[in-house]
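Novice: Show me the folded form of this:
(chains A and B)
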Amino acid sequence: GQQLNQSPQSMFIQEGEDVSMNCTSSSIFNTWLWYKQEPGEGPVLLIALYKAGELTSNGRLTAQFGITRKDSFLNISASIPSDVGIYFCAGRGGSYIPTFGRGTSLIVHP
Amino acid sequence: GAGVSQSPSNKVTEKGKDVELRCDPISGHTALYWYRQSLGQGLEFLIYFQGNSAPDKSGLPSDRFSAERTGGSVSTLTIQRTQQEDSAVYLCASSLDSRGGEKLFFGSGTQLSVL
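Specialist: Now for the predicted structure:
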């Protein structure tokens, strides 16, 4: 089946730093999604990408749909303490069911 | 309701007992998903319902797991003869339809602990 490799597994950064994380897939996806999960809550959709090469921003967050359609990247600029959480990538190919990565745990030190 | 509602939020049970987890999706959403999140792991797909179609059960880990969706709305995930490895957060999500499957709206989950 489809597999997603998400890295890094965790990040410990200082407030104000920029963050980058990525996901790679063993197969092609038609849609890439990025979610954020805070403690005790379900994941919340941050950005959805639909086209190879697409670059989309949501405030300080920017995500890109890789040209090969097998990878995606999420960047967070000028991190703040409320950015803390687990970030998940998810991809959707021919199935309507998104496959999720294992998540990147982000901790921001004030 | 305004969002996906799951109950109970926490469930502690003894090994061998059966449990039922409930999901109330967003009104009007025809697609419903169950995922399992184990400690430090990603979201593992369990089962998918779309309208009146037969559910996609391909993610259910064993025949102890089953789910139903009554009247195209509320869904119940049942785990029979629970085992310690079933301990996880069970997340339910709904979306407007299968074509809009990327916009999954998740509930807060049920934390299941099997002692």
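Novice: count of residues packed around the residue in chain A positioned nearest to chain B?
Specialist: Proximity of chain A to chain B (CB to the nearest CB) peaks at residue A:42, 2.9 Å away. Every C-beta, even on glycine, is put in place using the N, C-alpha and C of the backbone. Neighbour count for residue A:42, taken as other CB atoms under 10 Å in any protein chain shown: 23.
Novice: hang on, it packs against residue B:104?
Specialist: No: under the contact definition of CB atoms under 8 Å, residue A:42 does not touch residue B:104, with a separation of 9.1 Å.
Novice: which residues are in contact with both of these two?
Specialist: Common contact partners of residue A:42 and residue B:104 (CB atoms under 8 Å, 6 or more residues apart in numbering or on different chains): residue B:93.
Novice: Check the residue positioned nearest the centre of chain B and give its pLDDT.
Specialist: Nearest to the mean C-alpha position of chain B, by CA atoms, centre = their mean, lies residue B:34 at 3.3 Å. In this model, residue B:34 is scored at 97, pLDDT.
Novice: Please apply the same query to residue A:94.
Specialist: Looking at residue A:94, its pLDDT stands at 79.
Novice: which ones are touching residue A:91?
Specialist: Counted by CB under 8 Å, 6+ apart, residue A:91 has contacts A:2, A:4, A:23, A:25, A:29, A:31-33, A:72, A:98-99.
Novice: Select from those residues the one having the most neighbours.
Specialist: Counting by other CB under 10 Å, top hit in these: residue A:32 with 32 neighbours.
Novice: Would you agree that one is in contact with residue A:90?
Specialist: Yes: if you go by CB under 8 Å, residue A:32 and residue A:90 touch, sitting 7.4 Å apart.
Novice: For residue A:23, which non-adjacent residue is closest in space?
Specialist: Excluding its sequence neighbours, the residue lying closest to residue A:23 (CB to CB, 6 or more residues apart in numbering or on different chains) is residue A:89, at 3.6 Å.
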